[in-house]
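Asker: Let's see this in three dimensions:
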Amino acid sequence: MGRNSGATIMMIGDDPNFCYLMRRYIRQSAHQIIFSPHGEGAIELARREKPAVILLEVDHPGSFGWSVLRALKSDEQTTFIPVVLCSWRDDDMDFDGPDYQRDIYLREPVLYEDFKAALDRLGIHSEENQS
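Answerer: Residues are numbered from 1 along each chain as shown. Below you'll find the predicted structure:
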């Protein structure tokens, strides 16, 4: 598998540490990266590019990341795209209900093994990139 032959993974987030780590993981797993900060541009980019999965950084309930999640899951062009929700919250117990439609939850800081396992659960398999 070549560097450009992996799945396209979209990363939406504002925290520089989260973004740095996820970019490293995506490159290491030999997938392609699309990045967007939170906002309307993220929804438009997801509509246009139709990534295999979206990694979405969220903070406390009510933060801007949650509105991005609601917009993604209520849009007919993006509702089918799996969303991996990444948060500093201790667990996903508080993320039940219609406003929190995500496919997988990962607690930050995300470990590479957890990142790979989440992709595997979604049927997106990785091949290690040694560069």
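Asker: How many residues are close by residue 40?
Answerer: Neighbours of residue 40 under the rule other Cβ atoms under 10 Å: 11. No exception for glycine: its C-beta is placed from N, CA and C like everyone else's.
Asker: Repeat that for residue 48.
Answerer: Residue 48 has 10 neighbours, counted by other Cβ under 10 Å.
Asker: got it, and residue 123?
Answerer: Count around residue 123 with other Cβ under 10 Å applied: 10.
Asker: pLDDT value on the most centrally placed residue in the chain, please?
Answerer: Geometric centre of the chain, nearest residue: residue 55, 0.6 Å, by Cα atoms, centre = their mean. For residue 55, the model assigns a pLDDT of 95.
Asker: give me phi/psi at it?
Answerer: The phi and psi values for residue 55, taken as degrees, to the nearest 10, are phi -90, psi 120.
Asker: isn't it right up against residue 12?
Answerer: Yes. Look at residue 55 against residue 12 with Cβ atoms under 8 Å: they come within range, at 7.1 Å.
Asker: Name the SS class of residue 26, please.
Answerer: helix (DSSP: H, G, I helix; E, B strand; the rest coil).
Asker: again, but for residue 44
Answerer: At residue 44 the chain is in helix, as set by three-state DSSP.
Asker: tally of neighbours for it?
Answerer: Neighbour tally, residue 44, other Cβ under 10 Å: 13.
Asker: Also residue 25?
Answerer: By the other Cβ under 10 Å criterion, the neighbourhood of residue 25 contains 22 residues.
Asker: Do I have it right that it meets residue 112?
Answerer: Yes. Between residue 25 and residue 112 there is a contact at 5.5 Å, judged by Cβ under 8 Å.
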